[in-house]
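S.K.: Sharing a model prediction with you, sequence too.
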Amino acid sequence: MRDFPSLPLEQETRTSGGQNVDVLLANDSHLNSFAKGDGTPFLLSLLAALAGENYVDDSKMIREECGPTLWGTVTNWPDALDGANCVTARRLRWHTLLAQHKGELDAEFAKEFLGDQYEQPLGRINPGGMVLMARMELTDVPEIPGASAPRPFGANDGKVVTAALARNMSFWVRLGHPDGSPFAFGLFLEQHPEFAWQAPYLKDLVTNPWSLFKSKNAPGN
């Protein structure tokens, strides 16, 4: 843990930020503050600890290492968010949800969030790639520049764990789309034959319940 601030941050090209992530380092209930390798201090916020979207939580790194469709400073974000790609759109949605439900978060809220399809920059439900539960088979809008759309890609399961569940070596799982919506690939592959080669590997998504998984070595077993 002491070596974390000095680890090299290497990035050859400017990207959406999807490769850059914050890591939460904690001791019991105490969040630790670290410094970037260049000496710039930053604190992993509680929001970053609770939610993630393949993105960093440091505005300096965002400006220097991420693509042009992102906010510039902490003072104009998120209100000045312009041209959001999937990463920035999901980040904005996470911050909105966590602010709305501050002090209320539990496993049931987490299940609901994983099935959320509200596109925050548009202000409406819009199933596709710019929401927490991505469904790229339903949209012709690429979630990142250069990606194909529609395509068989998105959220294919949901997993939820709380501190109490972790202590008992257990977690909630829902196979298929986290909101429970089914999807059959037959018609999709007929309409998009470029993905026909994936047919042997694409299993239709059915509505499954949230199920609690627990290790046989969990306390009390």
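M.R.: Arrived safely, thanks for sending.
S.K.: Not counting its neighbours along the chain, what's nearest N208?
M.R.: Of all residues not flanking N208 in the chain, L175 sits nearest, at 4.7 Å (CB to CB, 6 or more residues apart in numbering). Every C-beta, even on glycine, is put in place using the N, C-alpha and C of the backbone.
S.K.: ok, that neighbour - contacts?
M.R.: 156-157, 208 (CB atoms under 8 Å, 6 or more residues apart in numbering).
S.K.: P150 against A134, yeah?
M.R.: No - if you go by CB atoms under 8 Å, P150 and A134 don't touch, sitting 11.4 Å apart.
S.K.: Identify the contacts common to the two.
M.R.: Shared contacts of P150 and A134, defined by CB under 8 Å, 6+ apart, are absent.
S.K.: quick one, helices of the protein?
M.R.: With DSSP state H, the ranges of helices along the chain come out as 46-50, 59-65, 86-100, 107-114, 163-167, 185-191.
S.K.: of these, which approaches I144 most closely?
M.R.: helix 86-100 (5.9 Å; CB to CB).
S.K.: tell me the angle that closest one makes with helix 107-114.
M.R.: Angle of helix 86-100 versus helix 107-114, following axes from the mean of the first three to the mean of the last three CA atoms, to 10 degrees, is 150 degrees.
S.K.: quick one on the thing from earlier: may I see the helices of the chain arranged in TSV, with mean pLDDT and distance to D140 as well?
M.R.: Formatted as TSV, the helices of the chain follow (pLDDT from 0 to 100; distance: least, CB to CB, whole Å):
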stretch	mean pLDDT	distance to D140
helix 46-50	43	32
helix 59-65	67	28
helix 86-100	84	14
helix 107-114	93	24
helix 163-167	90	39
helix 185-191	95	11
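S.K.: Please consider this matter closed, and thank you.
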